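Colleague: Mind folding the following:
(one chain, ligands or ions: 1)
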Amino acid sequence: MIREETIMLGTINSEILFLQQEDQIKAGLLDMKMVMEITENTYKMLGQGQIQNPPKVHLGIPAGQVWESFFNTMPCHIAGDMNIAGVKWAAESKKNAWTPGIPYGIDVSILSDPETVLPFCIQDGTIITAMRTSAVAGVQAKYCAPSDTETATLIGAGVIGRTMIMAVCEAIPTLKTIYLADIDLPKARAVAAEYAGKYPVEIIPTADSKSAAAKSELIVGETTARKPFIDKSWVKPHSAIVCVSNEADTDVVKLADVNVVDYWDQIITFKNKAITQVYDAGEITREEVLETSDLVLGKPVRTDDEQFIYACSLGLGALDITVAYKIYQNASAMGLGTRVRLWDKPLWE
Ligand SMILES: NC(=O)c1ccc[n+]([C@@H]2O[C@H](COP(=O)([O-])OP(=O)(O)OC[C@H]3O[C@@H](n4cnc5c(N)ncnc54)[C@H](O)[C@@H]3O)[C@@H](O)[C@H]2O)c1
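Modeller: Numbering: from 1, shown residues only. This next block holds a predicted model:
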């Protein structure tokens, strides 16, 4: 049924389905359980060599670590039954963080037919990014947090803070309490109120992330902090720290019983990541680090509840595309979106 209504691949039809956020949400994008299933499956495929995902190309403006804004290009090919190519054009702006009405990060995803190379779907990538970033942290937390985790501290009550509440609640069924920490306490209060009663957990807003972390088995960082603030004094046995940004410093990596990254080949190209700095200093080897693919393919991760585990991510473009493809299929079946064309007839061929 879906096949009839989707744009036929392998043909020379230049039609593109354009999906805006509202269409994506109707097509099920806020279903964290679904996004986490896609996440586990995508990392399995990555681990089995079915995905090409070259490291993202980063363009900072101005150049270097002091960017005011940046753009990343994240291309991939997903082989197997899916057989699609795609790219996420990912961007973030410091200025947006204090400008009402615009998200800090804004992304666009393009899906293409690998045979004809025609694009067949363009959609917002902003909510996909938030959902899949938290889904990766959720999957990492599922395998890395102690088995009896009841308390988590989530640091950063922004866009990804919201989806992180969804992800940890899906990932950790034993969870009872979430401390939602932000340097902007009114923001933490507002997001805690927004999610109150949606999951069987108590969400407590706080500005004191360190005190909350001391009471938690799971600590998750999803902030816009430009310098690490989680240092060795936060590390304790029987816990896990999962970061989607640069919250943890190199001592956290060095003290971890197990280190996990989302995708080694890519993260190692980003010199501002703590794990890269420890690797470049020769203080950890490739063999000592697990990838998220290893976790979902069944490699042992936490072998003792007393261990301290650190997991981090940089973001896998292929996951944006597998999630976008599912939303494209759902939206097509539901008749959502706007159909546009690259051309009626190409001027030159
Ligand atoms: N790993 C990935 O795949 C991935 C993907 C997308 C975004 N990210 C990163 O996620 C982070 C959050 O993005 P967002 O869109 O949610 O941003 P956002 O602006 O919506 O929210 C960030 C929040 O962090 C808070 N914050 C900043 N410094 C803090 C600190 N030291 N302690 C506590 N709170 C602090 C801010 O007050 C804000 O509420 C960014 O750093 C972004 O680069 C990672």
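
Colleague: Pull up the residues of the stretch 201-349 of the chain that are close to the ligand.
Modeller: Residues of the stretch 201-349 of the chain lying close to the ligand (CB under 6 Å from any ligand atom) are S209, E222, T223, T224, A225, F229, V244, S245, S313, L314, G315. C-betas here are computed from N, CA, C, even on glycine.

Colleague: which of the residues you listed count as buried?
Modeller: S209, E222, T223, T224, F229, V244, S245, S313, L314, G315 (16 or more other CB atoms under 10 Å).

Colleague: ok, now which ones touch the fourth one?
Modeller: Going by CB atoms under 8 Å, 6 or more residues apart in numbering, T224 touches K94, A97, Y104, G156, G158, S245.

Colleague: same deal with the second one?
Modeller: Taking CB under 8 Å, 6+ apart as the criterion, E222 is in contact with 133-134, 137, 154-156, 158, 160-161, 164, 243-245.

Colleague: Repeat that for the last one.
Modeller: With contact taken as CB under 8 Å, 6+ apart, G315 is in contact with K56, M74, A90, T129, T133, V136, V244, D262.

Colleague: If we use 10 Å, what do you get?
Modeller: Applying CB atoms under 10 Å, 6 or more residues apart in numbering, we find G315 in contact with 56, 72, 74, 88, 90, 107, 129, 132-133, 136, 244, 262-263, 266-267.

Colleague: what do you get for the first one?
Modeller: The neighbours of S209, taking CB under 10 Å, 6+ apart as the test, are 153-156, 179-183, 188, 216, 219, 221, 223, 229-230, 234, 247.

Colleague: Show me those residues that map onto strands.
Modeller: T153, L154, I155, Y179, L180, A181, I219, G221 (DSSP state E).

Colleague: Near the residue lying closest to F229 once chain neighbours are set aside, how many other residues are there?
Modeller: Among residues not flanking F229 along the chain, E247 sits closest, at 6.2 Å (CB to CB, 6 or more residues apart in numbering). When neighbours are counted by other CB atoms under 10 Å, E247 registers 25.

Colleague: right, and E247 touches K273 too?
Modeller: No - look at E247 against K273 with CB atoms under 10 Å: they stay out of range, at 11.2 Å.

Colleague: Mutual contacts of the two, please.
Modeller: What both E247 and K273 touch, as defined by CB under 10 Å, 6+ apart, is the set C312.

Colleague: what's the spacing between the residue in the stretch 201-349 of the chain positioned nearest to the ligand and P186?
Modeller: Closest to the ligand within the stretch 201-349 of the chain is G315: 2.7 Å, counting by CB to the nearest ligand atom. Distance, G315 to P186, using CB to CB, to the nearest Å: 28 Å.

Colleague: try F18
Modeller: Counting by CB to CB, the gap from F18 to P186 is 36 Å.

Colleague: And for Y325?
Modeller: Per CB to CB, Y325 is found 38 Å from P186.

Colleague: about what we covered before: quick one, what contacts the residue nearest to F229?
Modeller: So E247 contacts 155-156, 209, 219-223, 225, 227-230, 234, 241, 274, 312 (CB under 10 Å, 6+ apart).

Colleague: if we go to 6 Å?
Modeller: Applying CB atoms under 6 Å, 6 or more residues apart in numbering to E247 gives the contacts G221, T223, I230.

Colleague: pLDDT-wise, which helix or strand of this structure ranks last?
Modeller: Ranked by mean pLDDT, DSSP states H and E, the weakest helix or strand in the chain is helix 2-5, scoring a mean of 45.

Colleague: ok, back up a step: quick one: buried ones out of the contacts of T224?
Modeller: Here, 16+ other CB under 10 Å leaves Y104, G156, G158, S245 buried among the contacts of T224.

Colleague: Looking at those, which one is closest to G64?
Modeller: S245 (17.8 Å; CB to CB).

Colleague: The closest one in helix, strand or coil?
Modeller: coil (DSSP: H, G, I helix; E, B strand; the rest coil).

Colleague: separation between Y199 and Y263?
Modeller: Distance of Y199 to Y263, computed by CB to CB: 29 Å.

Colleague: I meant to write I172 there.
Modeller: For I172 relative to Y263 (CB to CB), the value is 23 Å.

Colleague: So for the chain, which residue is the most central one in space?
Modeller: The residue lying closest to the centre of the chain (CA atoms, centre = their mean) is T133, at 1.3 Å.

Colleague: distance between the helix or strand hosting that one and the chain's centre?
Modeller: If you go by DSSP states H and E, T133 is part of helix 126-144. Distance, stretch centre to chain centre, for helix 126-144: 5 Å (CA atoms, centre = their mean, to the nearest Å).

Colleague: what's the nearest residue to whichever residue of the chain sits closest to the ligand if we skip its chain neighbours?
Modeller: Nearest to the ligand in the chain, going by CB to the nearest ligand atom, is G158, at a distance of 1.7 Å. Excluding its sequence neighbours, the residue lying closest to G158 (CB to CB, 6+ apart) is Y104, at 6.4 Å.

Colleague: How about I204?
Modeller: That would be Y179: by CB to CB, 6+ apart, it lies 5.2 Å from I204.

Colleague: State the pLDDT value of the closest residue to K95 other than its chain neighbours.
Modeller: Distances taken as CB to CB, 6+ apart place E68 nearest to K95, at 6.8 Å, with adjacent residues excluded. The pLDDT attached to E68 in the predicted structure is 95.

Colleague: phi, psi of E68?
Modeller: When read as degrees, to the nearest 10, the backbone of E68 gives phi -90, psi -30.
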